[in-house]
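Enquirer: Quick check, what structure comes out for this input:
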Amino acid sequence: MCDVYSSGVLALEIIKGKHLGEYITVLANSSTMDHHVQLSDFLDERLPYPEDRVNELLVFIIKIASSCLVETQKSRPTMQFISHKLSSMDAYAHLLFM
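Expert: Numbers count the residues shown, from 1 in each chain. Now for the predicted structure:
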């Protein structure tokens, strides 16, 4: 069985460029899926701010990854659901970068 929580943490740490620390607890206790995501809160400060089309994809990934951090394990998505969402994102990304 895949660890959905760890997958979410890893995805967010890759985007942030460092360990999330206490921010993980904040994400686990809030419903990021229902709120507007401030991309600047998640991005690696060493990198330039992304173009709009990359911005959209990052917000999509952040929302999915944040849903993996929900405190109650039964409320988290399955890896199959995550895989399906990321596959649909891949098709969307292909259209954006054509």
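Enquirer: What segments of the protein are helices?
Expert: 4-16, 23-29, 52-67, 79-96 (DSSP state H).
Enquirer: Save the ones you listed as JSON lines, and put in mean pLDDT too.
Expert: Formatted as JSON lines, the helices of the chain follow (pLDDT from 0 to 100):
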{"stretch": "helix 4-16", "mean pLDDT": "92"}
{"stretch": "helix 23-29", "mean pLDDT": "70"}
{"stretch": "helix 52-67", "mean pLDDT": "88"}
{"stretch": "helix 79-96", "mean pLDDT": "80"}
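Enquirer: Which one, of the ones you listed, ends up nearest to residue 43?
Expert: Distances from residue 43 to each of these were compared by C-beta to C-beta, and the smallest falls on helix 4-16, at 6.5 Å. No exception for glycine: its C-beta is placed from N, CA and C like everyone else's.
Enquirer: Now do that closest one: everything it contacts.
Expert: Contact with helix 4-16 is made by 19-20, 24, 27, 42-44, 58, 61-62, 64-69, 73, 76-79, 82, as judged by C-beta atoms under 8 Å, 6 or more residues apart in numbering.
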